[in-house]
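Undergrad: coordinates for the following, if possible.
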Amino acid sequence: MIDKLTAIVGEKHVLTGSDCARWGNDWMGLYTSEPIAVVRPASTEEVAAIVKLGNETKTAIVPVSGNTGLAGGASGKGHIMVSMERMNTIHEVRKDSRIAIVDAGVVLADIHAAADAEGLVFPLTFGARGTAMIGGNLSTNAGGSNVVRYGNTRDLVLGVEVVLPTGEVADLMSELRKDNSGYNLKHLVIGAEGTLGFITKAVLKLAPKPLAYATAMVAAPSIADSLELLNKLQDATGGAVEAYEFMPRAYVERHLEINDAAREPFDEPYDVNIMVEIGTTIASKATPDETGKLPIVEEFEEILAGFFESGAVLDARVAQNEAQRTAMWERREAAAEVVLTHKPLINHDIAVPLEKVATFIEAIAARLQTIDPGAKEMIVSHLGDGNVHYSVWGKSQDPEVHDAITEAVEDETLKLGGSFSAEHGIGVSKLRSMQRRKDPVSIAAMKAIKKALDPNNIMNPGKVLPD
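TA: This is a model prediction of the structure:
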């Protein structure tokens, strides 16, 4: 096997033994990998040859990008791990058609930089953008902080190139905004976590880069009130809200404890703290006045002042410069760092309808203390799209108690018409949730698709679909 892989990619790009160490653990430190080898192809043709070899020998193929996943999607044993790090070319950024054509191994931050150079933006963003690669983002249908305005990853992709489990290459590299020619295979492989094929290239949709931003920390009377505030802000700004991120008091306090440079968002503590950002592409709103102030910031301050008078806002602090804006974003994007400071950690990534976020948080808080007295919630939320990262710092060390907490989270989520997986994927961490909660008919249909495309079950086996 090693000789055959070496013949495909060259000796220095087939790593074995201790050379595989940096791929041996996931970012969360919960899942391990023991591959036969880590192989680093440089082209779609090499990926296809590797997958074909895996299919012929019935050897599992596990794609890995930046290894920043949170659900164990790149873990395993006795497989060929295929790293995309050498396939990192941004082939084109077309300003007029607002697209970028990129390899799957391009780091997300590099796509941001390439788009920015053309006055455009690729709006998918989250804390791991400096190491996460676009192939992994597509494979998990990542969300991030700008979903409220631009949508999930599926909404940002026009086409993909994918190596199927047989080693054949499907050219789905459409640049079309409309294409009704049969099944949408692109949407099938996006979010499949590498179980149906190996994404090697993509056509991404870019958007006009906002000429200026107005960013603020806002304290609301309650989570329910904050939803009304979001709707009012959308109405007042013409739908220009780019991020709407909820951080409760416990999260803010922990961030202050672990970060010496951090500062309180307000002069006094509040339970409901929200980071709001709006962006404008209108030149008149982005041109400083004679005092040096941006009209969009002044307009935002006036809107918030009106909400303060009505009681919809308890306090607000609008960033007056880029340093203050950066500090607000740093507070939110430190979520993984904050959450991982305690063990045991029972991590959940759920979504409910927007108007039911408060209901979920209230209901699960009451149940948590009956299951694990003394356990502590650590919540952060993309409130604008109903995604709640509900983490629990367990008091008990008993795995059965941890599983009971997860079942309670699932109960309350599904009662509200929600999903137990919002943006992190299923991987292996949510297989039991899939078994317990996913519609059996839907699982059967997914298994039929998997069997049809991957009869030898070589593509990232043991992920997404429960046995």
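Undergrad: use CA for all of it now, contacts and neighbours both
TA: Noted.
Undergrad: how about the nearest residue to residue 333 once chain neighbours are set aside, secondary structure?
TA: Residue nearest to residue 333 in three dimensions, not counting chain neighbours: residue 127, with 4.9 Å by C-alpha to C-alpha, 6 or more residues apart in numbering. Assigned by DSSP: H, G, I helix; E, B strand; the rest coil, the conformation of residue 127 is coil.
Undergrad: my guess is residue 127 contacts residue 329. True?
TA: No: between residue 127 and residue 329 there is no contact under C-alpha atoms under 8 Å: 9.3 Å.
Undergrad: more crowded one of those two?
TA: residue 329 (20 against 17; other C-alpha atoms under 10 Å).
Undergrad: give the contact list for the more buried one.
TA: residue 275 (C-alpha atoms under 8 Å, 6 or more residues apart in numbering).
Undergrad: secondary structure element holding it?
TA: helix 322-333 (DSSP states H and E).
Undergrad: which parts of that helix are buried?
TA: 325, 327, 328, 329, 331, 332, 333 (16 or more other C-alpha atoms under 10 Å).
Undergrad: what distance do you get for the residue nearest to residue 333 to residue 109?
TA: Per C-alpha to C-alpha, to the nearest Å, residue 127 is found 10 Å from residue 109.
Undergrad: then stretch 433-440 to CSV, C-alphas only?
TA: Provided in CSV are the C-alpha atoms of stretch 433-440 (Å, rounded to 0.1, in the frame of the first residue of the first chain):
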residue,chain,number,x,y,z
SER,A,433,-28.3,11.5,18.5
MET,A,434,-28.9,10.6,14.8
GLN,A,435,-29.9,7.1,15.9
ARG,A,436,-32.3,8.4,18.6
ARG,A,437,-33.7,11.5,16.9
LYS,A,438,-33.5,11.5,13.1
ASP,A,439,-36.5,10.3,11.2
PRO,A,440,-35.9,6.6,10.4
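Undergrad: from residue 422, how far off is the residue nearest to residue 342 when sequence neighbours are not counted?
TA: Closest residue to residue 342 apart from its sequence neighbours, by C-alpha to C-alpha, 6+ apart: residue 393 at 6.3 Å. Counting by C-alpha to C-alpha, the gap from residue 393 to residue 422 is 20 Å.
Undergrad: try residue 194
TA: 18 Å.
Undergrad: quick one, which of the two is more surrounded?
TA: More crowded of residue 194 and residue 422, by other C-alpha under 10 Å: residue 194, with 31 against 22.
Undergrad: the more buried one touches residue 139, doesn't it?
TA: Yes: using C-alpha under 8 Å, residue 194 is in contact with residue 139, at 6.1 Å.
Undergrad: give me the sheet partners of the helix or strand containing residue 201 and which way each runs.
TA: Secondary structure assigned from DSSP H and E places residue 201 in strand 198-205. Counting by DSSP bridges, the strands paired with strand 198-205 are strand 99-103 (antiparallel), strand 157-163 (antiparallel).
Undergrad: nearest to residue 355, out of those?
TA: strand 157-163 (28.4 Å; C-alpha to C-alpha).
Undergrad: and the helix or strand following the closest one, what's its mean pLDDT?
TA: For strand 157-163, the following helix or strand on the C-terminal side (DSSP H and E) is strand 169-172. Across strand 169-172, pLDDT averages out at 98.
Undergrad: residues in contact with the helix or strand following strand 169-172?
TA: Following strand 169-172 in sequence order, the next helix or strand is helix 185-189 (DSSP H and E). If you take C-alpha under 8 Å, 6+ apart as the criterion, helix 185-189 is touched by 139, 154, 159, 160, 172, 196, 197, 199.
Undergrad: confirm the first one sits in a strand?
TA: Spelled out, that is residue 139. No: read with three-state DSSP, residue 139 is helix and lies in no strand.
Undergrad: surely it and residue 196 touch.
TA: No: under the criterion of C-alpha under 8 Å, residue 139 makes no contact with residue 196, lying 10.0 Å away.
Undergrad: what about the protein, any weak spots by pLDDT?
TA: Along the chain, no part satisfies pLDDT under 70.
Undergrad: for stretch 41-59, buried residues please.
TA: 41-55, 58-59.
Undergrad: okay, that stretch in CSV with CA atoms only?
TA: The C-alpha trace of stretch 41-59 is given here as CSV (Å, rounded to 0.1, in the frame of the first residue of the first chain):
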residue,chain,number,x,y,z
PRO,A,41,-1.8,15.0,-3.1
ALA,A,42,-1.2,18.0,-5.2
SER,A,43,-3.9,17.6,-7.9
THR,A,44,-7.4,16.2,-8.5
GLU,A,45,-5.8,13.4,-10.5
GLU,A,46,-3.7,12.3,-7.6
VAL,A,47,-6.7,12.4,-5.3
ALA,A,48,-8.7,10.3,-7.8
ALA,A,49,-5.8,7.7,-8.0
ILE,A,50,-5.7,7.5,-4.2
VAL,A,51,-9.5,7.0,-3.9
LYS,A,52,-9.5,4.5,-6.7
LEU,A,53,-6.7,2.5,-4.8
GLY,A,54,-8.8,2.7,-1.7
ASN,A,55,-11.9,1.4,-3.5
GLU,A,56,-10.0,-1.5,-5.1
THR,A,57,-8.4,-2.6,-1.9
LYS,A,58,-11.5,-1.7,0.3
THR,A,59,-9.3,0.6,2.4
